[in-house]
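Asks: Just need the structure, nothing else, for what follows:
(one chain, ligands or ions: 1)
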Amino acid sequence: MPLPTDLPVVDHHCHLSPLGEGVAAARRFASAGGTHLFLATQNYSNEVPRSVDDYRVQFEMTEALAYKVRAEAGIEVYVVVSPYPVDLVAAAPLLGLTAALEVHQGALDLAGAWVREHRAVALGEVGFPHFDVPTDVRAAADAAFDHVLSVARDVDCPVVVHSADLAPEQYRDLAARARRAGLPPHRVVKHYARARVPPEERGGVAPSYLARRDLVRDAMGDAGPWFLETDFLDDPSRPGAVLDLATVPRRARAIAEASPGGVERLRVPFVDSVKTVYGWRPEMPVRRGG
Ligand SMILES: [Zn+2]
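Replies: A predicted model of the protein is given here:
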């Protein structure tokens, strides 16, 4: 059974690189039935960004990739930008911690301006180093995250959080922290979620589940909001490090083949959750490529 023609098939978090497969990966996604990508920025060079201008160049590369994918693969692409949280840790020894934090916050302000100008739909990835760092660096990362929340509040957009796996109480802590900053918790997404946490224990925060078969199966009965993602890295030096970009449409097709009723449940991650978290519904793209 084919996928319903009016069903968007959405990968909520991936990366593409001009040094990797780029549009070819997006075409593979489209051929498998995918229609929408949330494309997160990444550092496309081997150098740690040292200035807000370095980030501007990086964000513009993401935007250029998004244009190319829309034009050549015929799918819709939503751009998500922010300085990567771990950049702060890498920049601290090069610039000094105070200057590194200034650059990081300046780049977050730039990301907020992009959202305001409708060049991006969310701030991401934001959050924390997923490994131990010195106390002063941890404090700077905390300050940076509070800045993220205030920028998102001001421009009224979601934040896509990079962190270690969260237990229910950590979901609720994250929700409380957002609320303290004036950002409603339904604007917060925990990206790369690998543990299923029931909706009533998430404090309003939406998990974006890695589209592993077991996680998709577990999430299907969940009222939402939740998303599916591959976190595809498009890094030729790390083939197979993450799920392939065609994974979300492949899972959707497997569900459609198993049961027509099941496929309707996919409107939760692909339509309803986008509406809840972002405030709009994904429009079906006009197919040009394929
Ligand atoms: Zn990512």
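Asks: For the rest of this, base every contact and every neighbour count on C-alpha atoms.
Replies: Noted.
Asks: For this protein, which segments are assigned as strands?
Replies: In the chain, the segments counted as strands under DSSP state E are 10-14, 36-40, 76-81, 122-127, 159-162, 188-193, 206-210, 227-229.
Asks: can you put these in TSV and add distance to Pro2?
Replies: Shown next, in TSV, are these (distance: least, CA to CA, whole Å):
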stretch	distance to Pro2
strand 10-14	16
strand 36-40	17
strand 76-81	20
strand 122-127	31
strand 159-162	31
strand 188-193	28
strand 206-210	23
strand 227-229	20
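Asks: can I get these in JSON lines with mean neighbour count, distance to Gly22 and mean pLDDT?
Replies: What follows is the strands of the chain, written out as JSON lines (neighbours: other CA atoms under 10 Å; distance: least, CA to CA, whole Å; pLDDT from 0 to 100):
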{"stretch": "strand 10-14", "mean neighbour count": "27", "distance to Gly22": "11", "mean pLDDT": "98"}
{"stretch": "strand 36-40", "mean neighbour count": "25", "distance to Gly22": "11", "mean pLDDT": "98"}
{"stretch": "strand 76-81", "mean neighbour count": "26", "distance to Gly22": "13", "mean pLDDT": "98"}
{"stretch": "strand 122-127", "mean neighbour count": "27", "distance to Gly22": "19", "mean pLDDT": "97"}
{"stretch": "strand 159-162", "mean neighbour count": "26", "distance to Gly22": "22", "mean pLDDT": "97"}
{"stretch": "strand 188-193", "mean neighbour count": "26", "distance to Gly22": "21", "mean pLDDT": "97"}
{"stretch": "strand 206-210", "mean neighbour count": "26", "distance to Gly22": "21", "mean pLDDT": "98"}
{"stretch": "strand 227-229", "mean neighbour count": "27", "distance to Gly22": "17", "mean pLDDT": "98"}
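Asks: any idea how far the helix or strand of the chain with the lowest mean pLDDT is from the chain center?
Replies: When the helices and strands of the chain are compared on mean pLDDT, DSSP states H and E, helix 260-265 comes out lowest with a mean of 88. Helix 260-265 sits 25 Å away from the centroid of its parent chain (CA atoms, centre = their mean, to the nearest Å).
Asks: Show me where the stretch 101-250 of the chain has its helices.
Replies: 135-155, 168-180, 213-219, 247-258 (DSSP state H, counting those that start in this stretch).
Asks: Of all those helices, which one is nearest Asp272?
Replies: Among those, the nearest to Asp272 by CA to CA is helix 213-219 (14.3 Å).
Asks: Cys14 bridge partners, please.
Replies: Assessed by DSSP bridges, Cys14 has beta-bridge partners Leu39, Phe232.
Asks: Give me the below-cutoff pLDDT ranges for the stretch 151-290 of the chain.
Replies: Scanning the stretch 151-290 of the chain for pLDDT under 70 picks out 240, 287-290.
Asks: how distant is the helix or strand that the least confident helix or strand of the chain is followed by from the center of its chain?
Replies: Using DSSP states H and E, the helix or strand that follows helix 260-265 in sequence is helix 267. Relative to the mean C-alpha coordinate of its chain, helix 267 is positioned 18 Å out (CA atoms, centre = their mean).
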